[in-house]
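> here is a sequence together with a model predicted from it:
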Amino acid sequence: MKILYPLAAVIILFIAVSCNSKSNDKEEKHKKTLKAEVPELKISIDSTDIAIFYQTYPKLVKFQGDVSSLYKKKNDTQLWLDNKGVVEFGSTLFNKYKNLGDEGLKTNFPYNEKINPIFERLGDNKLSQVDTDLMITNLYFYYAEKVYGGVDEKTTTSLEWLLPRKKLNYQVFSDSIFKHATINDDNKSKMFSQYYKLREALKKYRSIEKKGGWKTIEVDEDFKSFKVGDSATAIAQIRERLAITGELKENNKSAVCDSILISAMKDYQMHHGNTPKNTILKEHIDELNLPVSDRIKTIIVNMERCRWIDPGLEKGKEYIEVNIPEFKLYLIRDHEITFVSEVVVGKAMTKTVIFSGMMNNIVFSPYWNVPQSIINKEIKPGMAKNKNYLAEKHLEWNNGAVRQVPGVNNSLGLVKFLFPNSNNIYLHDTPAKSLFERENRAFSHGCVRVAKPRELAIELLKNDPKWTPQRIEKAMHAGKESWYTLKKKVPVYIGYFTAWVDRKGRLNFYKDVYQRDESLLKLLTEG
């Protein structure tokens with residue numbers, strides 16, 4: 001009998017497991033049956049539904065074409081709803097919309113009172129399923145327009161921004177969105193790379209603002225400068241201010257000016273469009289005292305400008321970029337900066353135009369064909385006062401126009417770089433070298449004067465063995481105009497950025513030389 005007990009136990013265990021297994025099979029089968037009984041939600045949304053929607057919500061009508069195309073691609077069925085309600089991706093979109101401030105935007109969806117209940121007060125959503133889906137789709141296009149497109153091209157043209165605008169294909173963009181069910185731009189390919197860098201800077205400065213920003217540095221009315229060895233309460237305040245933005249790595253709170261503070265201040269000056277000095281001047285104190293809110297506004301307007309730039313621009317093998325407020329020119333080759341030069345740009349009354357062109361010629365020992373406006377305003381009055389005016393200015397008549405002969409006294413210097421454009425703007429040398437030593441270098445009639453034109457010519461012709469530095473030098477001093485046609489045209493982009501993160505990750509601020517920031521900020525805050 002003792003032998004039978006273990007056997008009986010095994011039999012009972014087997015029966016229990018077998019019954020349990022059958023029970024599980026039945027339960028699984030029942031679940032599958034139930035699942036089969038709940039059909040997948042399918043809402044038909046056709047052109048008639050879409051037309052009626054825009055009659056009811058006319059403020060969104062500009063999206064009608066893109067919305068219609070999108071639903072057609074999705075077989076005229078809903079995009080954002082399933083049996084449980086709004087799909088997770090829809091909630092992600094709404095969350096991104098509610099945090100547009102992170103993108104430097106302050107704007108509201110035209111029908112906030114309709115979109116909010118869909119996600120925040122579900123019981124208050126009075127929209128039909130069709131209109132709910134359409135409302136979320138319009139929120140998507142609204143978000144994409146604001147974040148990835150920015151203000152429209154007509155507006156940017158009125159702001160005198162003539163660089164080619166980025167062409168954003170919302171349909172291709174939305175295909176990618178729905179394929180990956182995300183609007184997080186993880187590979188950062190949809191935007192000009194500077195946008196993402198400025199977005200990080202905005203995050204940092206918003207954090208500084210949340211902590212109270214920085215205190216005003218107080219100096220006497222007759223204050224002129226601080227140098228090493230000077231002592232004042234304001235010096236301790238300067239230390240605190242520089243520690244907040246990171247120029248000063250460690251704040252010892254000393255009220256005595258030392259070499260460490262001067263070094264930090266020179267770092268600050270370098271990244272704020274100033275020439276580094278061994279003294280702290282009143283103008284530097286004034287700039288340090290600009291509130292953090294002003295810096296945030298500057299970052300925001302430059303993020304907007306980045307929205308207009310085609311990210312493909314940065315993929316170019318070779319191009320030249322000029323940033324007007326920075327007064328600098330960069331030659332980029334194979335994604336690296338290979339040449340940098342200070343530049344002089346147009347005065348406020350004769351602004352350098354924000355545009356692009358294709359450099360095709362270098363002209364050595366150039367003539368300067370004087371514009372008619374300068375002939376009328378300067379040359380004719382000069383001739384009226386002095387009969388030798390033309391000869392003294394090295395000018396001559398040429399087929400009814402006036403030109404300046406080649407040579408060291410020529411206003412274009414010894415070389416110019418042409419990229420044909422309707423604005424008659426080009427890069428050139430200048431005999432007025434002293435202007436490059438100034439911090440504010442807005443002095444020209446609109447063209448861009450280059451501090452190192454010889455070096456730029458050498459860099460552009462380095463792959464042509466016939467044009468050695470010696471031959472370039474000779475051509476520049478020949479006194480006779482000669483043209484070189486580039487074997488491959490070089491794109492030239494003249495832009496306007498008052499905030500820029502450099503390749504070392506440092507945020508730079510530049511003075512708004514043409515006072516363009518305020519009008520753009522007004523557009524953004526009113527939009």
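That came through, no problem. Residues are numbered from 1 along each chain as shown.
> neighbours of the nearest residue to Lys480 once chain neighbours are set aside, how many?
Nearest non-adjacent residue to Lys480, counting by C-beta to C-beta, 6 or more residues apart in numbering: Ser365, 5.7 Å away. Placement of C-beta: from N, CA and C, glycine included. For Ser365, the count of nearby residues is 23 (other C-beta atoms under 10 Å).
> any idea which strand is longest in the protein?
As assigned by DSSP state E, the longest strand anywhere in the chain is strand 482-495.
> tell me the strands beside that one, with direction?
Neighbouring strands of strand 482-495 in its sheet, by DSSP bridges, are strand 318-323 (parallel), strand 355-364 (antiparallel).
> list the buried ones in the last one?
Taking 16 or more other C-beta atoms under 10 Å as the basis for neighbour counts, the residues of strand 355-364 that come out buried are 355-357, 359-360, 362-364.
> distance from it to the middle of the chain?
24 Å (C-alpha atoms, centre = their mean, to the nearest Å).
> identify all contacting residues around the helix or strand just after it.
Downstream of strand 355-364, the next assigned helix or strand under DSSP states H and E is strand 368-369. By C-beta atoms under 8 Å, 6 or more residues apart in numbering, the surrounding residues in contact with strand 368-369 are 398, 401-404, 410-412.
> low-confidence stretches in the protein?
Along the chain, the parts satisfying pLDDT under 70 run over 1-39, 171-188, 527.
> wouldn't Gly446 be in contact with Val353 here?
Yes. Here Gly446 reaches Val353: they are 6.9 Å apart, a contact under C-beta atoms under 8 Å.
> give me the common contacts of the two.
423, 425.
> sorry, back to before: gap between the residue nearest to Lys480 and Thr216?
Using C-beta to C-beta, to the nearest Å, we find Ser365 at a distance of 54 Å from Thr216.
> for the residue lying closest to Val256 once chain neighbours are set aside, grab phi and psi.
Distances taken as C-beta to C-beta, 6+ apart place Ser231 nearest to Val256, at 4.9 Å, with adjacent residues excluded. The phi and psi values for Ser231, taken as degrees, to the nearest 10, are phi -130, psi 130.
> just to revisit the earlier point, return the members of the contacts of strand 368-369 classed as buried.
402-404, 410-412.
> returning to that earlier point: against Thr279, how distant is the residue nearest to Val256?
Taken as C-beta to C-beta, the span from Ser231 to Thr279 is 15 Å.
> of those two, which one has the most company?
Neighbour totals were compared for Ser231 and Thr279, and Thr279 leads with 15 against 12 (other C-beta under 10 Å).
> touching, the more buried one and Phe226? I think so.
Yes. With contact defined as C-beta under 8 Å, Thr279 reaches Phe226; the gap is 6.6 Å.
> the residue positioned nearest the centre of the chain: what's it in contact with?
By C-alpha atoms, centre = their mean, the chain has its centre lying nearest to Cys306, at 2.3 Å. Contacts were defined as C-beta under 8 Å, 6+ apart; by that measure Cys306 touches 191-192, 194-195, 198.
> apart from its neighbours in sequence, what residue is nearest it?
Using C-beta to C-beta, 6+ apart, the nearest residue to Cys306 is Tyr195, at 3.7 Å.
> what number of residues lie near the one you found?
For Tyr195, using other C-beta under 10 Å, the count is 25.
> just Arg241 next, same as before
Counted with other C-beta under 10 Å, Arg241 comes out at 23.
> one step back: what is whichever helix or strand comes after the longest strand of the chain packed up against?
As assigned by DSSP H and E, the chain's next helix or strand after strand 482-495 is strand 499-501. Packing partners of strand 499-501 (3 or more C-beta pairs under 8 Å, 6 or more residues apart in numbering; DSSP states H and E): helix 193-210, helix 292-307, strand 507-509.
> give me the contacts around strand 499-501.
Contacts for strand 499-501 (C-beta under 8 Å, 6+ apart): 194, 197-198, 200-201, 298-299, 301-302, 323, 326, 507-510.
> which strands border it, and is each parallel or antiparallel?
strand 507-509 (antiparallel).
> buried residues in the partner strand?
Neighbour-count burial for strand 507-509 [16+ other C-beta under 10 Å]: 507-509.
> which of these lies closest to Met135?
If you rank those by distance to Met135 using C-beta to C-beta, Leu507 comes first, at 38.5 Å.
> quick one: contacts for the nearest residue to Ile374 once chain neighbours are set aside?
In space, Ile374 comes closest to His445 once its chain neighbours are excluded; the distance is 6.9 Å by C-beta to C-beta, 6+ apart. Neighbouring residues of His445 by C-beta under 8 Å, 6+ apart: 346-347, 350, 371, 374.
> so which of those residues is the most crowded?
That'd be Gly346 among the contacts of His445, by other C-beta under 10 Å, with 21 neighbours.
> quick one, phi/psi of that residue?
phi -70, psi 150.
> Gly212: what secondary structure?
Under DSSP: H, G, I helix; E, B strand; the rest coil, the three-state class of Gly212 is coil.
> right, I mislabeled it, should have said Ile332
Secondary structure assignment for Ile332 (three-state DSSP): strand.
> tell me how far it lies from Asp429.
For Ile332, the distance to Asp429 - C-beta to C-beta - is 21 Å.
> out of those two, which sits in the more crowded spot?
When Ile332 and Asp429 are compared for neighbours, Asp429 comes out ahead with 25 against 19, by other C-beta under 10 Å.
> circling back to that earlier point, in contact with the residue nearest to Cys306, which residues?
Tyr195 touches 303, 306-307, counting by C-beta under 8 Å, 6+ apart.
> can you add distance to Thr498 and give the helices and strands packed on strand 499-501 back as JSON lines?
Putting these into JSON lines (distance: least, C-beta to C-beta, whole Å) gives the following:
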{"stretch": "helix 193-210", "distance to Thr498": "11"}
{"stretch": "helix 292-307", "distance to Thr498": "6"}
{"stretch": "strand 507-509", "distance to Thr498": "7"}
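> out of these, flag the one nearest Gly316.
helix 193-210 (13.1 Å).
> CA atoms only for that closest one, dumped as PDB, please.
Written as PDB, here are the backbone C-alpha positions of helix 193-210 (Å, rounded to 0.1, in the frame of the first residue of the first chain):
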ATOM      1  CA  SER A 193      21.700  72.800 -37.100                       C
ATOM      2  CA  GLN A 194      22.000  76.200 -35.400                       C
ATOM      3  CA  TYR A 195      18.400  75.900 -34.400                       C
ATOM      4  CA  TYR A 196      19.000  73.000 -32.100                       C
ATOM      5  CA  LYS A 197      22.000  74.700 -30.600                       C
ATOM      6  CA  LEU A 198      20.100  77.900 -29.800                       C
ATOM      7  CA  ARG A 199      17.200  75.800 -28.400                       C
ATOM      8  CA  GLU A 200      19.700  74.400 -25.800                       C
ATOM      9  CA  ALA A 201      20.900  77.900 -25.100                       C
ATOM     10  CA  LEU A 202      17.300  79.000 -24.600                       C
ATOM     11  CA  LYS A 203      16.900  76.200 -22.100                       C
ATOM     12  CA  LYS A 204      19.900  77.400 -20.200                       C
ATOM     13  CA  TYR A 205      18.900  81.100 -20.100                       C
ATOM     14  CA  ARG A 206      15.300  80.200 -19.100                       C
ATOM     15  CA  SER A 207      16.800  78.300 -16.200                       C
ATOM     16  CA  ILE A 208      18.900  81.300 -15.200                       C
ATOM     17  CA  GLU A 209      15.700  83.500 -15.400                       C
ATOM     18  CA  LYS A 210      13.800  81.000 -13.200                       C
END
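> what segments of the stretch 51-200 of the chain are helices?
Applying DSSP state H, counting those that start in this stretch to the stretch 51-200 of the chain gives helices spanning 64-73, 88-98, 112-119, 129-144, 153-158, 170-180, 193-210.
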